[in-house]
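**Student:** structure for this input, please:
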Amino acid sequence: MALAARAGRCYLQHSEDPQELAPLAWDEGGAWRFGIEMRRRDRSGWTVIGALRRGDGHMELAAPVLLTRGGLVFTGDRVAPLAPDTPFEWVVHLRKTGPIVAPEN
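**Tutor:** Residues are numbered from 1 along each chain as shown. Alright, predicted model coming up:
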């Protein structure tokens, strides 16, 4: 994938129209790592969300257009690697159901 994207041979179809293809560039920033974050939700409890991080970069798990079990993160115009140790079951669950909300008690 990296070679094809660097060569300008990768495209992403954002709509049902096969004529609307967006070129994809390879993101040279390194692999994104999955992590869980707990955020305080007022005084009523906590929210557990998934996020992707690399270096100083941060992306909420809902932000990518596509994440693949094969280890790729697709954004609007870029594709980057996903760390190989990613617990993909968590990625699928949190992208499908959204954040986990837990009460204070």
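**Student:** three-state assignment of Glu89?
**Tutor:** helix (DSSP: H, G, I helix; E, B strand; the rest coil).
**Student:** tell me the confidence at it?
**Tutor:** At Glu89, the model reports a pLDDT of 96.
**Student:** next, the residue nearest to Leu94 when sequence neighbours are not counted: phi, psi?
**Tutor:** Of all residues not flanking Leu94 in the chain, Gly50 sits nearest, at 4.0 Å (Cβ to Cβ, 6 or more residues apart in numbering). In this view, the C-beta of every residue, glycine as well, is placed from N, C-alpha and C. Here is the backbone geometry of Gly50 (degrees, to the nearest 10): phi -100, psi 150.
**Student:** residues in contact with Gly50?
**Tutor:** 34-37, 60-61, 90-91, 94-95 (Cβ atoms under 8 Å, 6 or more residues apart in numbering).
**Student:** please, which helix or strand holds the residue most central in space within the chain?
**Tutor:** Residue closest to the average C-alpha location in the chain (Cα atoms, centre = their mean): Pro64, at 4.2 Å. Using DSSP states H and E, Pro64 sits in no helix or strand.
**Student:** could you look up the SS state of Leu3?
**Tutor:** helix.
**Student:** do you know how far it is from Cys10?
**Tutor:** Distance check for Leu3 against Cys10: by Cβ to Cβ, to the nearest Å, it reads 10 Å.
**Student:** who has more neighbours, those two?
**Tutor:** Cys10 (20 against 9; other Cβ atoms under 10 Å).
**Student:** number of nearby residues for the nearest residue to that one once chain neighbours are set aside?
**Tutor:** Once flanking residues are discounted, Cys10 sits nearest to Leu24: 4.1 Å by Cβ to Cβ, 6+ apart. Around Leu24 there are 21 other residues, counting by other Cβ under 10 Å.
**Student:** mind checking pLDDT for Leu24?
**Tutor:** 94.
**Student:** quick one: it and Arg78 touch, right?
**Tutor:** Yes. If you go by Cβ atoms under 8 Å, Leu24 and Arg78 touch, sitting 6.4 Å apart.
**Student:** that'll do, ta.
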